[in-house]
Structures are given as C-alpha cells and as structure tokens.
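Novice: this is the structure alone, sequence omitted:
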C-alpha cells in the first residue's frame, strides 16, 4: 500500500509540471482554461492529444496560404491547438477586424444595459436626441437600440456612410432586415448613456477585463477595431463561455444568449450582430434574398460567428469547446466579401478533415 501511495503521488507531481517558454502544456484538457490578463502566456494542447487527423493539417495550412491568410488559431477548451502566421504576420502584428468588430459593439451595449445605463428596448432618440436621422420624427422614434443590434432599423441602406443626411426612411423599424453600418450608432448610444467616449467605456468594461490589446480607429466608413490575433482569440473564448471570463461574468449570460440566438423573424441566421449557423434559412449583406439551408453547411450546426470584410473571422463552436480565428487579406481579392462568403464553407471543409 505504501508503494502504491508513493507511485500515485509521483504521477500526480509530474503530471502537474508545466513546460517552459511562451506557452505551457496542460495535461487536463477537460477543464476550461483562460490565459492571464496581465501577460500573453497561453497554454497549448498538442494535436496528437485530441485524436485528430494529423495528416490533414498540412492541406489546411496550404489552403490558408492559398487564400491569403495572415494568421490562424484554433482553441480547444481555451488552449491553443494550432497557431500559424504567414506572409510576415507575427503574434504581435495588429490587424483590422472590420465588421467582425460589430460583436464588440453588441457586447459593450449589453454591458451598459446590465449596469442600468440604457435599455436596448428604448428609442435611440432617448439617448441621442431627436434628429439623429433624416426620417420623419414618428418613424425615427420607432427605432430602438435592439433594432440596431438586429439590423432591422428600416433605415435606407443605399449608402454605408453613416451621416445624418444618409439616414433616410425605407421601412418601419422591425419590418425589414438589411445589413447596414448604422449599427455604429450603438457606440454613440453607449457614449451618451455612460457620459464618456465609447472607447474609454469599452476599454474599462471589456478590453482590459479579458486582457485584449488593440484600439478603435476611424475607418473610411466607420470605426474599426484593430488588434493582434490572440486578442481576437480572447474575445472568442469569452463568447465560448457565454460572457464569462474565468470566474467573472463580464456580460450577462441572458443577454449573451439572446445575442447568439435568432433575434427577429426575418433572417433566422442573425442574432445581435452575430451570424448564426444551423438555421433553416438565412440572408446575406447587399440583398433581400432568403436562402434555404445553413449559413455554412460544412461547419457544426451550433457554430456562431463574427464576420468581417476580407474574411476576418471568429468562429465559436460550443459543442466542440472550440474557437477558430482567421485574419488576413481577402480570400478572393477579385470578389471581396463584406461578411459571409464561400470561403467559410471551403475553410470548414479543411477544418473538418482535421478535427473529425
């Protein structure tokens, strides 16, 4: 018995040892891991420990290079399983999220609501004053922050430049789904409700609490978030855990669950600025066509995603405890997408070959 106890103690001791360097290997993949918010050390998990098809990894990497990818990460239970950089990109390189950053605005809006600063069901005019659009006052007053979150403001979408002169009436709020940059008015709502700039509030309530780097800059059309790839992965990990980071609930779970559920009855594939897989129909930007089937047929049905122009991606797959990040140039420069593209399905075909 004494020898058995000694052997058990020895196994326990050595199994708890960590490797040296930037990343460490954790032998207990069943537990969820969160990296430190004070440095960029991150635990890893070898592909061999997951039973994945290792022979399919090189074809995946070749595809990523072919499709102008600059960085790619797969997390499982929070640990890095793959982390690749191409074309001069490095772990510290800053890159734009494009419309994938809409999900940051949605999350920050939810935090402001849970702090009692605003309600997404209130008229936007309650926070910005009347005249923030060129709509008739009665129509403008119909628009709530929830309509901005769900792309159902009814504002005419002929111009993506969000200036008052362009915010004209097309339909009553809640009756038409249309992908539109007017979502950025949520940033103005949060700023007005909190009495500080959106970025100051975002930094204090979200960015700093999960250890992200990055900044918002004024793009040609709207504010765009920029960060390194691991910061994008941190936000994906927060989403995988329904707004919880380690032991702290950053964003209310009820609100987060609303964010990644069908938010209106026009486009089932859309939540609060998140794209949703696994629905019976979906719509895409720049049109009113309703397409049958799933958004990304090769991806798991429970996958939800932040999608930005030139194929900036955060894919979150709860059933696999997985987060996938892709940053880079447009996969098809001749036909760059605003959000959803055929690239998603092709990429997931390659990922499935590795993970199944």
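Specialist: Nice, thanks for sending it over. Note that the coordinates shown come from a computational prediction; the quantities given were computed from them, not determined experimentally.
Novice: all contacts plus neighbour counts: C-alpha atoms, from now on.
Specialist: Will do.
Novice: tell me the contacts of the closest residue to residue 230 other than its chain neighbours?
Specialist: Distances taken as C-alpha to C-alpha, 6 or more residues apart in numbering put residue 91 closest to residue 230, at 7.2 Å, once the chain neighbours are dropped. Counting by C-alpha atoms under 8 Å, 6 or more residues apart in numbering, residue 91 makes contact with 85, 228, 229, 230.
Novice: from what I see, the third one and residue 69 are in contact.
Specialist: Read it as residue 229. No: Residue 229 is not in contact with residue 69 according to C-alpha atoms under 8 Å; the separation is 11.8 Å.
Novice: which one's more surrounded, these two?
Specialist: residue 229 (28 against 25; other C-alpha atoms under 10 Å).
Novice: distance check, that one against residue 286.
Specialist: 28 Å (C-alpha to C-alpha, to the nearest Å).
Novice: check residue 103 too.
Specialist: Relative to residue 286, residue 103 is positioned 19 Å away (C-alpha to C-alpha).
Novice: between those two, which one's more packed in?
Specialist: Ranked by neighbour count (other C-alpha under 10 Å), residue 103 and residue 286 place residue 103 first, with 23 against 12.
Novice: Three-state assignment for the more buried one, please.
Specialist: helix (DSSP: H, G, I helix; E, B strand; the rest coil).
Novice: oh, and call the first residue 203 from now on, that's how I've got it
Specialist: Fine by me, first position is 203 from now on; the one you just mentioned is residue 305.
Novice: can you pull the pLDDT of it?
Specialist: What the model reports for residue 305 is a pLDDT of 98.
Novice: so is the nearest residue to it once chain neighbours are set aside in a helix, a strand, or just coil?
Specialist: Nearest residue to residue 305 in three dimensions, chain neighbours excluded: residue 475, at 5.6 Å (C-alpha to C-alpha, 6+ apart). Three-state assignment for residue 475 (three-state DSSP): coil.
Novice: pretty sure residue 475 contacts residue 351?
Specialist: Yes: with contact defined as C-alpha under 8 Å, residue 475 reaches residue 351; the gap is 5.7 Å.
Novice: joint contacts of the two?
Specialist: residue 308.
Novice: show me where this protein has strands.
Specialist: Ranges of strands in the chain, per DSSP state E, are 271-278, 281-287, 297-298, 417-420, 425-429, 446-447, 450-451, 477-478, 483-484, 493-494, 506-510, 514-519, 524-530.
Novice: okay if I get those as JSON lines plus mean pLDDT and distance to residue 232?
Specialist: Output for the strands of the chain, formatted as JSON lines (pLDDT from 0 to 100; distance: least, C-alpha to C-alpha, whole Å):
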{"stretch": "strand 271-278", "mean pLDDT": "98", "distance to residue 232": "9"}
{"stretch": "strand 281-287", "mean pLDDT": "98", "distance to residue 232": "11"}
{"stretch": "strand 297-298", "mean pLDDT": "98", "distance to residue 232": "32"}
{"stretch": "strand 417-420", "mean pLDDT": "92", "distance to residue 232": "33"}
{"stretch": "strand 425-429", "mean pLDDT": "95", "distance to residue 232": "29"}
{"stretch": "strand 446-447", "mean pLDDT": "98", "distance to residue 232": "17"}
{"stretch": "strand 450-451", "mean pLDDT": "98", "distance to residue 232": "20"}
{"stretch": "strand 477-478", "mean pLDDT": "98", "distance to residue 232": "26"}
{"stretch": "strand 483-484", "mean pLDDT": "96", "distance to residue 232": "34"}
{"stretch": "strand 493-494", "mean pLDDT": "96", "distance to residue 232": "36"}
{"stretch": "strand 506-510", "mean pLDDT": "97", "distance to residue 232": "22"}
{"stretch": "strand 514-519", "mean pLDDT": "98", "distance to residue 232": "16"}
{"stretch": "strand 524-530", "mean pLDDT": "98", "distance to residue 232": "12"}
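Novice: do you know which of those strands lies nearest residue 313?
Specialist: strand 450-451 (10.3 Å; C-alpha to C-alpha).
Novice: what's the closest one in contact with?
Specialist: For strand 450-451, the surrounding residues in contact (C-alpha under 8 Å, 6+ apart) are residue 445.
Novice: partner strands of that strand and their direction?
Specialist: Paired neighbours of strand 450-451 in the sheet (DSSP bridges): strand 446-447 (antiparallel).
Novice: what's the distance between the strand it pairs with and the middle of its chain?
Specialist: Distance, stretch centre to chain centre, for strand 446-447: 15 Å (C-alpha atoms, centre = their mean, to the nearest Å).
Novice: show residues contacting it.
Specialist: 236, 412, 440, 452, 453, 455.
Novice: return the member of these nearest to residue 539.
Specialist: Residue 539 lies nearest to residue 440 out of the contacts of strand 446-447, by C-alpha to C-alpha, at 26.1 Å.
Novice: what's near enough to touch the closest one?
Specialist: Applying C-alpha under 8 Å, 6+ apart, the residues contacting residue 440 are 412, 446, 447.
Novice: how much space between residue 310 and residue 492?
Specialist: 30 Å.
Novice: kindly report the same for residue 327.
Specialist: Distance from residue 327 to residue 492, by C-alpha to C-alpha: 31 Å.
Novice: and residue 537, by the same measure?
Specialist: When C-alpha to C-alpha is the yardstick, residue 537 and residue 492 sit 21 Å from each other.
Novice: between these two, who's got more neighbours?
Specialist: Under the neighbour definition other C-alpha under 10 Å, residue 537 and residue 492 were set side by side, and residue 492 has more, 13 against 10.
Novice: right, and that one touches residue 482 too?
Specialist: No: with contacts counted by C-alpha under 8 Å, residue 492 stays clear of residue 482, the gap being 10.2 Å.
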